[in-house]
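A.B. asks: coords please:
(chains A and B)
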Number of protein chains: 2
Amino acid sequence: MSGWIAVAGLGPGDERLVTEEVRAVLAEATDVVGYIPYVARVAAREGLTLHPSDNRVELDRANHALDMAADGRRVVIVSSGDPGVFAMASALFEALESRTDPDAFDIRILPGITAMLAAASRLGAPLGHDFCAINLSDNLKPWDLVEHRLRLAAQAGFAMAFYNPRSKSRPHQFARALDILREECGSDRLISFARAVTTPEERLLTVRLGEATPEMADMRTVVIVGNADTRHVGRFVYTPRSVR
Amino acid sequence: MSGWIAVAGLGPGDERLVTEEVRAVLAEATDVVGYIPYVARVAAREGLTLHPSDNRVELDRANHALDMAADGRRVVIVSSGDPGVFAMASALFEALESRTDPDAFDIRILPGITAMLAAASRLGAPLGHDFCAINLSDNLKPWDLVEHRLRLAAQAGFAMAFYNPRSKSRPHQFARALDILREECGSDRLISFARAVTTPEERLLTVRLGEATPEMADMRTVVIVGNADTRHVGRFVYTPRSVR
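C.D. replies: From the prediction side, this is the model:
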């Protein structure tokens, strides 16, 4: 097979956070597939076909990429952030499982700056000690499991980063998540809402859990909850390397 | 104060994974501080002073950077990977806490590709579902806490990434961590050892927990333990987006 697939992370939004490796592979591509707003970040050029598609069609998109690679095309699947974090890399491997010869495909995953680390860098260093990353959407797992993970993560003393905290189709779950966090961590714990980081729409807000409301987050927000030692220093929020 | 500090992530090793933002700030710097092997990655040039220092002097290094910035120097603190993940950003904020006017300092944190995400991209997508990152070193926290976190992380069903899994000064702890993981996850769980990813010394190894031995890791290794659904597809290791 002469075609290939690269799953490339475009980072959080700022073009200066796109790696040279990703730029190079986009320059060689014949086809780019991905969610509409991510494909919109790739410049059109002669010889490149853009295939934007809607959200929630990840497996169709992955199969389309596999079919094109089998036809000799050079395909880049674009994700925002890092493709291995709640993004297209796993969807591609899920699609690959139903192919008869997975190893016949030339596949590379190209890392990018994931949203939680971009958000952390803009806030200070809230993920400077052990931490976890949880996708709060229950599209692909039961909500009970999300609640269970939140409680255990709090009991483990992890700082936490939440992807997809809230959407129009499930407005009440994030309120429930905040209740659980207040139960487990108390109302003084710091929580940061980092929206559209590194873009012109960036908005950063840090409050105590007792003051946090669901409306502080939307689907473009990464939420970061500190551990028991997380605190302010000047305008920054940081988690010390050591525990008290 | 006309000086500034940027804490910059150089990524895992491959120069094509250094962001343009980090390149730009290195081009403006008068001084670069950091751990010896990281400073060695910065090209010498007229007007730039390199200040390599040893491991475990993070607070001294941070104070040196603050003093130089107060003197009007343009200082870059270099970390490998991402500066906010078990690296220099938190150490800088710890040092900043003892200054009388923290907000007088011009400080920016510039994200990079952290080791676990580079390792995940080389392996496939083992962190494609909820996951946690744990520093296995007990330099800055009691070992009991590490054990407690390992157990709760396993019970939460997180995939796990371990930084600093093993060093000469504490050869037995990683063996203990493997025992705990076998107790909590069983011996069939996949575990990957990703050493010096994206460098010429890169070495990738994935085995079952029952076959894992402490010698498979050293201080240049990131260890990734899958969740109960993590599996092989062709030559890749991946964790599905959904739970069984």
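A.B. asks: What segments of chain A are strands?
C.D. replies: Read by DSSP state E, chain A holds these strands, from start to end of the chain: A:4-9, A:31-35, A:49-53, A:74-79, A:107-110, A:124-125, A:131-135, A:159-163, A:190-195, A:203-208, A:221-225, A:231-233, A:236-238.
A.B. asks: Near A:His64, how many other residues are there?
C.D. replies: Counted by other CB atoms under 10 Å in any protein chain shown, the residues lying close to A:His64 total 18. Placement of C-beta: from N, CA and C, glycine included.
A.B. asks: ok, it touching A:Val33?
C.D. replies: Yes - counting by CB atoms under 8 Å, a contact exists between A:His64 and A:Val33, whose distance comes to 6.0 Å.
A.B. asks: what residues are shared contacts of these two?
C.D. replies: A:51, A:53 (CB atoms under 8 Å, 6 or more residues apart in numbering or on different chains).
A.B. asks: Need the pLDDT of A:Leu145.
C.D. replies: pLDDT, A:Leu145: 97.
A.B. asks: Next one: it from chain B, what distance?
C.D. replies: Counting by CB to the nearest CB, to the nearest Å, the gap between A:Leu145 and chain B amounts to 6 Å.
A.B. asks: Can you pull the domain assignment for chain A?
C.D. replies: If the domains of chain A are taken from automatic domain parsing, they occupy A:4-113, A:116-238, with pieces of a single domain joined by a plus sign.
A.B. asks: distance between the first one and the chain's centre?
C.D. replies: Once both centres are worked out by CA atoms, centre = their mean, to the nearest Å, domain A:4-113 turns out to sit 15 Å from its chain's centre.
A.B. asks: And the longest one, by the same measure?
C.D. replies: Averaging C-alpha positions (CA atoms, centre = their mean) puts domain A:116-238 13 Å from its chain's average.
A.B. asks: related to what we said a few turns ago, pipe the strands of chain A into CSV and attach distance to chain B per row.
C.D. replies: Putting the strands of chain A into CSV (distance: least, CB to the nearest CB, whole Å) gives the following:
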stretch, distance to chain B
strand A:4-9, 8
strand A:31-35, 14
strand A:49-53, 17
strand A:74-79, 11
strand A:107-110, 4
strand A:124-125, 4
strand A:131-135, 4
strand A:159-163, 9
strand A:190-195, 12
strand A:203-208, 13
strand A:221-225, 11
strand A:231-233, 5
strand A:236-238, 4
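A.B. asks: right, so of those strands, which gets closest to B:Leu123?
C.D. replies: Shortest separation from B:Leu123 across the strands of chain A is recorded for strand A:107-110, at 8.6 Å, computed as CB to CB.
A.B. asks: CA-only coordinates of that closest one, as PDB, when you get a sec.
C.D. replies: Taking only C-alpha atoms (Å, rounded to 0.1, in the frame of the first residue of the first chain), the coordinates of strand A:107-110 have been written out as PDB:
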ATOM      1  CA  ILE A 107      -0.300   4.800  10.200                       C
ATOM      2  CA  ARG A 108       1.500   7.500  12.300                       C
ATOM      3  CA  ILE A 109       0.200   9.400  15.300                       C
ATOM      4  CA  LEU A 110       1.700  12.900  15.500                       C
END
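A.B. asks: and that strand, what's its mean pLDDT?
C.D. replies: Predicted confidence along strand A:107-110 averages 98 (mean pLDDT).
A.B. asks: which helices and strands does it pack with?
C.D. replies: With contacts taken as 3 or more CB pairs under 8 Å, 6 or more residues apart in numbering or on different chains; DSSP states H and E, strand A:107-110 sits against strand A:4-9, helix A:20-28, helix A:88-96, helix B:115-123.
A.B. asks: Would you give the sheet partners of it, along with the direction of each?
C.D. replies: Strand A:107-110 has its sheet partners listed here by DSSP bridges as strand A:4-9 (parallel).
A.B. asks: Residues contacting the partner strand, please?
C.D. replies: Applying CB under 8 Å, 6+ apart, the contact partners of strand A:4-9 are A:19, A:22, A:25-26, A:29, A:65-66, A:69, A:74-84, A:87-89, A:92, A:105-114.
A.B. asks: can you list the helices and strands packed on strand A:107-110 in TSV and add mean neighbour count?
C.D. replies: As requested, these are exported to TSV (neighbours: other CB atoms under 10 Å in any protein chain shown):
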stretch	mean neighbour count
strand A:4-9	28
helix A:20-28	16
helix A:88-96	26
helix B:115-123	28
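A.B. asks: And those: which comes nearest B:Ala161?
C.D. replies: Within the helices and strands packed on strand A:107-110, the stretch nearest B:Ala161 is helix B:115-123; the backing value is 3.7 Å (CB to CB).
A.B. asks: What average pLDDT does that closest one get?
C.D. replies: Rounded to a whole number, the mean pLDDT of helix B:115-123 is 98.
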